[in-house]
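Student: starting from these lines, generate the structure:
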Amino acid sequence: MKYKKLTEEQIIISLDRLTRFKKTKDKYLRVFSDIILSNLLEPSLRKNDIERMCYSDIAELVSNIFNLTLGEPVDLSINTKLAEYENSVFINDRNVNLLLQNKINYKAALKVLPQDLPVNLKWLKFLGEDGDLKLNRSLHLLKFPIENVILVEGITEEILLPAFAKFLGYDFYSNGIQVIAAGGKNQVVKMYYKLAEELKIPVFVLLDRDAEENIRQIEPKLRACDRIHLVSCGEFEDLLPKSLIVKTVNSHFRNFLSISETDLPSDIPAAKVLEELFKTKGLHEFKKAEFAKLVREMISSKADISDEISDIINEISGQNKTLDTKICS
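Tutor: Residues are numbered from 1 along each chain as shown. I've put the predicted structure just below:
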């Protein structure tokens, strides 16, 4: 067999994709297939050829290509830790474990990584060192190993929940929490079904008030380790204190408008009120993600966090501290 050496960029991209929070089988097969298609010269294989291969053969090919490129004595200490982590988070069968039993020289590959790294690659570097993984996660805000998933409807929750939690003294990164925005209540149901079949770790589901029917769809598949919180009224944006919304608008758009709490009627969803304000005042289109980022910058006291948001953070914290993740598998 003949191989073409991996470029530095290929090594970095491959390590990044292999350590993201994604289903083990999907990410490993994608990365390994890309490497074989790009770097195996003889025999020349096509995608459908790889799909018919035994997983152990795929892992061996990729290991050979990686290690030929790196040209250093093979150290498999990181491989063992990675495999243990993937199997602690995801439900993997025997075939997937053949992929995890690859002999990629991660220790040598780490040497090509740049200084400015995404959090998953920072964590990979720490895997090459001695020390407690959870302690390192807490000390260096690595997020990995991930131990809990928060499944939410939209981008507002994804942006603001970690910010509110951090202000309350509960950092999502140091506690191994991954937030996933599904893109709507119906998508939450589909995503939960998927996660419940793939994960061994707990899932906390946060839904807007109008999602009672979606909860009924989830409940038959709800695992003992998982929890659901239904917002008490309206949407997550309606849980934001009016004072925080006013402070955000008046700070970031002070040259265009000024509002007071009386401009935010309680019987109309906050997002709709803001959409209308932006429209009538000639501002750019109201976008939830952009506004959530502005709100995040304005959180400065506990008065900026409503009681229900505090309760949600406490529920997440309590789930993460007390649940035995073995009951999820």
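
Student: in the host helix or strand of Phe66, what counts as buried?
Tutor: For Phe66, the host element (DSSP states H and E) is helix 55-70. Burial within helix 55-70, assessed by neighbour count using 16 or more other C-beta atoms under 10 Å, is assigned to 55, 58-67, 69-70. Heads up, the C-betas are built off the backbone N, CA and C, glycines and all.

Student: do stretch 170-177 as well
Tutor: Buried-residue list, stretch 170-177, by 16+ other C-beta under 10 Å: Tyr170, Phe172, Tyr173, Ser174, Asn175, Gly176, Ile177.

Student: quick check: nearest residue in space to the first one, chain neighbours excluded?
Tutor: Spatially, and ignoring its direct neighbours in sequence, Tyr170 is nearest to Ser317 (5.1 Å; C-beta to C-beta, 6 or more residues apart in numbering).

Student: likewise for Ser232?
Tutor: Ser232 sits nearest to Glu308 (C-beta to C-beta, 6+ apart), 5.8 Å away.

Student: I'd like the average pLDDT over the host helix or strand of that neighbour.
Tutor: Following DSSP H and E, one finds Glu308 within helix 307-322. Regarding helix 307-322, the rounded mean pLDDT is 91.

Student: what's the answer for stretch 259-275, then?
Tutor: 94.

Student: ends of it, how far apart?
Tutor: Start-to-end span of stretch 259-275 (C-alpha to C-alpha, to the nearest Å) is 14 Å.

Student: give me the contact list for it.
Tutor: 234-235, 237-238, 240, 242-243, 245-246, 249-250, 277, 286, 288, 291 (C-beta atoms under 8 Å, 6 or more residues apart in numbering).

Student: out of these, who's nearest Phe21?
Tutor: Taking C-beta to C-beta as the measure, Lys288 is the one of the contacts of stretch 259-275 closest to Phe21, at 23.1 Å.

Student: ramachandran angles for the closest one?
Tutor: Backbone torsions for Lys288, taken as degrees, to the nearest 10, come to phi -60, psi -40.

Student: show me what contacts the residue nearest to Tyr170?
Tutor: Counting by C-beta under 8 Å, 6+ apart, Ser317 has contacts Ala165, Tyr170, Asn175.

Student: which parts of the protein are strands?
Tutor: Applying DSSP state E to the chain gives strands spanning 2-3, 40-42, 148-152, 177-181, 203-207, 227-230.

Student: can you list the ones you listed in CSV and add mean pLDDT and distance to Leu117?
Tutor: Converted to CSV, the strands of the chain look like this (pLDDT from 0 to 100; distance: least, C-beta to C-beta, whole Å):
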stretch, mean pLDDT, distance to Leu117
strand 2-3, 94, 27
strand 40-42, 95, 28
strand 148-152, 98, 23
strand 177-181, 98, 18
strand 203-207, 98, 27
strand 227-230, 97, 33
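
Student: for those, which one sits closest to Glu51?
Tutor: Using C-beta to C-beta, those put strand 40-42 closest to Glu51, at 14.7 Å.

Student: please state the offset of that closest one from the chain centre?
Tutor: Strand 40-42 sits 35 Å away from the centroid of its parent chain (C-alpha atoms, centre = their mean, to the nearest Å).

Student: likewise for stretch 236-245?
Tutor: 25 Å.

Student: span of that stretch from start to end?
Tutor: The straight-line separation of the ends of stretch 236-245 (C-alpha to C-alpha) is 13 Å.

Student: so which of the contacts of stretch 259-275 are in helices?
Tutor: Lys242, Ser243, Ile245, Val246, Val249, Asn250, Leu277, Lys288, Phe291 (DSSP state H).

Student: name the nearest residue to Phe167, ignoring sequence neighbours.
Tutor: Phe167 sits nearest to Ile299 (C-beta to C-beta, 6+ apart), 5.5 Å away.

Student: so what's that neighbour scoring on pLDDT?
Tutor: Ile299 is assigned a pLDDT of 98 by the prediction.

Student: give me the phi and psi for it.
Tutor: Taking degrees, to the nearest 10 as the convention, Ile299 sits at phi -70, psi 120.

Student: which residues touch it?
Tutor: Counting by C-beta under 8 Å, 6+ apart, Ile299 has contacts Ala163, Phe164, Phe167, Leu244, Ile305.

Student: most surrounded residue in these?
Tutor: Neighbour counts for these peak at Phe164, which has 23 neighbours (criterion: other C-beta atoms under 10 Å).

Student: list the contacts of that residue.
Tutor: Phe164 neighbours (C-beta under 8 Å, 6+ apart): Ile299, Ile305, Ile309, Ser310, Ile313.
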